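# Got a sequence here, can you model it:
(one chain, ligands or ions: 1)
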Amino acid sequence: MEIQSVGVVGAGQMGNGIAQVCAMAGLSVVLTDVSSKALEKAQATIANSLARLVKKGQLSDPDAVLSRIVFSNEMADLAAVDIAIEAATERLEIKIDILRQLSALVRPEAIIASNTSSISLTVLAAQVSQPQRAIGMHFMNPVPVMQLVEIIRALQTDDATHAATVALAERLGKTPVSVNDAPGFVSNRVLMPMINEAVFCLYEGIATPEAIDTVMKLGMNHPIGPLALADLIGLDTCLAIMDVLYHEFRDSKYRACPLLVQKVAAGHLGRKSGQGFYRYDQ
Ligand code: NAD
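As a prediction, this is how the structure comes out:
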């Protein structure tokens, strides 16, 4: 099955990036969110991102790309899509609700994918009427820049769904890497405990945020330090991922650092709220 149309649920930083790369690849896109503010922000973010590509000489017709994206408050507008990609907030109950709605809405042959960072795809697939058509499509942030798409096969995913999803990632110019379903998959099983450990270094007064990030950049050749990366990902998302690892593995090594918990409680979510381990509001 060749995918021509894509629905994206959740127009936050990941959803708007996914919509942009799909539209740039010539696909028609419906981007939905429960928040009108998020949809307005998504439209502005995509327009700015396309304008930057024009300036760099990498895109000639941004209006044609934008014209392929419908921004909508109504999930019902996804009824005809070939694939629906859920990219809403990293909370199990939100994702279950969205997947059940999508399942009742889309054609039986449509693929239902989730961009979850950590939640079990097998649990999510069990929510839909065609679980063999469910799969994880884990884009990286920022989506237009990052090469990887981690493809997660649920226990129920069939070969045709997997092949069509891999082909879509390739059509978007990305490199798909397929993994089996497990908490945090490969990417966040490895990345998030490292970020959490960096937060512990700060919490225990071992070093400043700048020093921690510089050690990891200059010493380990990371392009961005773990605390700056946490701010980019969103501290609420980082905490949600740690909590999934902790609850699924029942292993105290995955306990979230109390400072991460506090930052989220204070609404200091990183770049998206203007403040996290660093400030972005000046
Ligand atoms: P975000 O906070 O920027 O955006 C989430 C969006 O979901 C918001 O606009 C919110 O209004 C919307 N939403 C919430 N409930 C909804 C519902 N019921 N229906 C429709 N929309 C709803 O978050 P994000 O960083 O874009 O993350 C989205 C998903 O992508 C999460 O599952 C996250 O784990 C995953 N992810 C995030 C990153 C990252 O670096 N931030 C990377 C890969 C994957």
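
# Close to the ligand: what parts of the stretch 151-282 of the chain are there?
With CB under 6 Å from any ligand atom as the criterion, the stretch 151-282 of the chain meets the ligand at residues Ile233, Gly234, Thr237, Lys272. Every C-beta, even on glycine, is put in place using the N, C-alpha and C of the backbone.

# Let me have those in JSON lines, adding neighbour count and pLDDT as columns.
JSON lines is the format used below for these (neighbours: other CB atoms under 10 Å; pLDDT from 0 to 100):
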{"residue": "Ile233", "neighbour count": "25", "pLDDT": "97"}
{"residue": "Gly234", "neighbour count": "24", "pLDDT": "98"}
{"residue": "Thr237", "neighbour count": "24", "pLDDT": "97"}
{"residue": "Lys272", "neighbour count": "18", "pLDDT": "94"}
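
# For Ile46, state which of the residues you listed is nearest.
Lys272 (15.9 Å; CB to CB).

# which residues does the closest one contact?
Shown in contact with Lys272 (CB atoms under 8 Å, 6 or more residues apart in numbering): Gly12, Gln13, Gly234.

# isn't the second one right up against Pro142?
Yes. In this structure, Gln13 is within contact of Pro142 by CB atoms under 8 Å, at 7.4 Å.

# Distance-wise, check whichever residue of the chain sits closest to the ligand relative to Ala76.
With CB to the nearest ligand atom, the shortest gap between the chain and the ligand falls at Gly12, namely 1.8 Å. Plainly put, Gly12 is 21 Å away from Ala76 if you go by CB to CB, to the nearest Å.

# Among these two, which residue is more densely surrounded?
The neighbour comparison of Gly12 against Ala76 (other CB atoms under 10 Å) goes to Gly12, with 19 against 11.

# which one is that one nearest to, not counting chain neighbours?
Ala38 (6.2 Å; CB to CB, 6 or more residues apart in numbering).

# before we move on, back to that, so which of Gln13 and Pro142 has more stuff around it?
More neighbours surround Gln13 than the other of Gln13 and Pro142, with 22 against 15 (other CB under 10 Å).

# Any chance you could list what contacts the helix or strand hosting Gln20?
Gln20 belongs to helix 13-24 when assigned by DSSP states H and E. Outside helix 13-24, the residues within contact range by CB under 8 Å, 6+ apart are 6, 8-9, 11, 29, 31, 33, 41-42, 45-46, 49-50, 59, 65-66, 68-69, 85, 87-88, 115, 139, 141-144, 172-174, 234, 272.

# Pull out the buried residues from those residues.
Neighbour counting with 16 or more other CB atoms under 10 Å marks 6, 8-9, 11, 29, 31, 33, 41-42, 45-46, 49-50, 59, 65, 68-69, 85, 87-88, 115, 139, 141, 143-144, 172, 174, 234, 272 as buried within these.
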